[in-house]
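> One predicted model, sequence on top.
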Amino acid sequence: MTTLLYPQGQELVQEILHDPQITYLVGQLQSHHLESYEHSLRVGALAVDVGYENTLAREQLLMLGRAAVLHDIGKRDIPYCILGKEGPLTNPERKRMDAHVRAGFRALAAASDDTLVRKILVQHHEYQQRPYPRHGPDRRDVSRATLERRSSDAAVLCLAQMLAAADVFDALAHRRSYKEPLPKETIERIFQEEYRGSKLYAEQVLRRFDS
Ligand SMILES: [Fe+2]
Ligand SMILES: [Fe+2]
């Protein structure tokens, strides 16, 4: 399974989970679909562990951890029969499933004014072969952005890629309703072929694999 390297990361995740807003949202996911809840907690722990390795400041670790434990919160809105389906989804089901990203963004908008956490969350499927919901890099006109905005966007981009690497890794390494856990060589190959984020973060999560 996964070997985490920074015990203080687990304390930070516990601190995040004690926030009443987060307890509430994560509790809803737990009642709706246990597998997604367990995945979210593992992704939170792994993302924060990678954040420690990259010597993030506490404020950034908190942002990353919050976005990671909540990244699939939009799955509250996806029917259980789609989330738990054993086998490939049909096109309409896939479309419905993909809507979890925007649903999560909306859920956080209603629950908190933390725009950076929302920006990290909304990118968690943007670093795979079939990116969504924005289909690739943000096409906003960066030349018109302020310096402050550009540096905040750059930080968000790094955190989003750490989260995406942790998410892809966890989905491959653990049993899900649609697949069994995959061996390390297969996970490494999929990362090489399909993960479009930073190679450094991919290597860091893969190093934590403990077969
Ligand atoms: Fe997701
Ligand atoms: Fe996920």
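That came in fine, so what should we check first? Ligands and ions are numbered 1, 2, ... in the order given.

> Buried by neighbour count: which residues of the helix or strand of the chain with the lowest mean pLDDT qualify?
Taking mean pLDDT, DSSP states H and E as the measure, the helix or strand of the chain with the lowest value is helix 147-173, at a mean of 90. Within helix 147-173, the residues that count as buried by 16 or more other C-beta atoms under 10 Å are 155-173. From N, CA and C alone the C-beta is placed, and that goes for glycine too.

> Just give me how far it sits from the chain centre.
8 Å (C-alpha atoms, centre = their mean, to the nearest Å).

> In this structure, where is pLDDT below threshold?
For the chain, the stretches flagged by pLDDT under 70 are 136-145, 211.

> Please identify the residues of it in proximity to ligand 2?
Selection of the chain residues close to ligand 2 by C-beta under 5 Å from the ion yields 72, 167.

> residue boundaries of the strands in the chain?
Using DSSP state E, the chain contains no strands.

> where's the closest residue to residue 33 other than its chain neighbours relative to ligand 2, distance?
Closest residue to residue 33 apart from its sequence neighbours, by C-beta to C-beta, 6 or more residues apart in numbering: residue 83 at 4.7 Å. Here residue 83 is placed at a distance of 11 Å from ligand 2 (C-beta to the ion, to the nearest Å).

> returning to what we had before: tell me which strands and helices the least confident helix or strand of the chain is in contact with?
The contact analysis (3 or more C-beta pairs under 8 Å, 6 or more residues apart in numbering; DSSP states H and E) places helix 147-173 against helix 34-53, helix 58-70, helix 115-122, helix 184-194, helix 199-207.

> CA atoms of the second one as PDB?
The C-alpha trace of helix 58-70 is given here as PDB (Å, rounded to 0.1, in the frame of the first residue of the first chain):
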ATOM      1  CA  ARG A  58       1.900  25.800   6.500                       C
ATOM      2  CA  GLU A  59      -0.700  28.000   4.800                       C
ATOM      3  CA  GLN A  60      -0.100  26.100   1.500                       C
ATOM      4  CA  LEU A  61      -0.200  22.700   3.200                       C
ATOM      5  CA  LEU A  62      -3.600  23.600   4.700                       C
ATOM      6  CA  MET A  63      -4.900  24.700   1.300                       C
ATOM      7  CA  LEU A  64      -3.600  21.600  -0.400                       C
ATOM      8  CA  GLY A  65      -5.000  19.400   2.400                       C
ATOM      9  CA  ARG A  66      -8.500  21.000   2.300                       C
ATOM     10  CA  ALA A  67      -8.700  20.800  -1.500                       C
ATOM     11  CA  ALA A  68      -7.500  17.100  -1.300                       C
ATOM     12  CA  VAL A  69     -10.000  15.900   1.300                       C
ATOM     13  CA  LEU A  70     -12.800  17.700  -0.600                       C
END
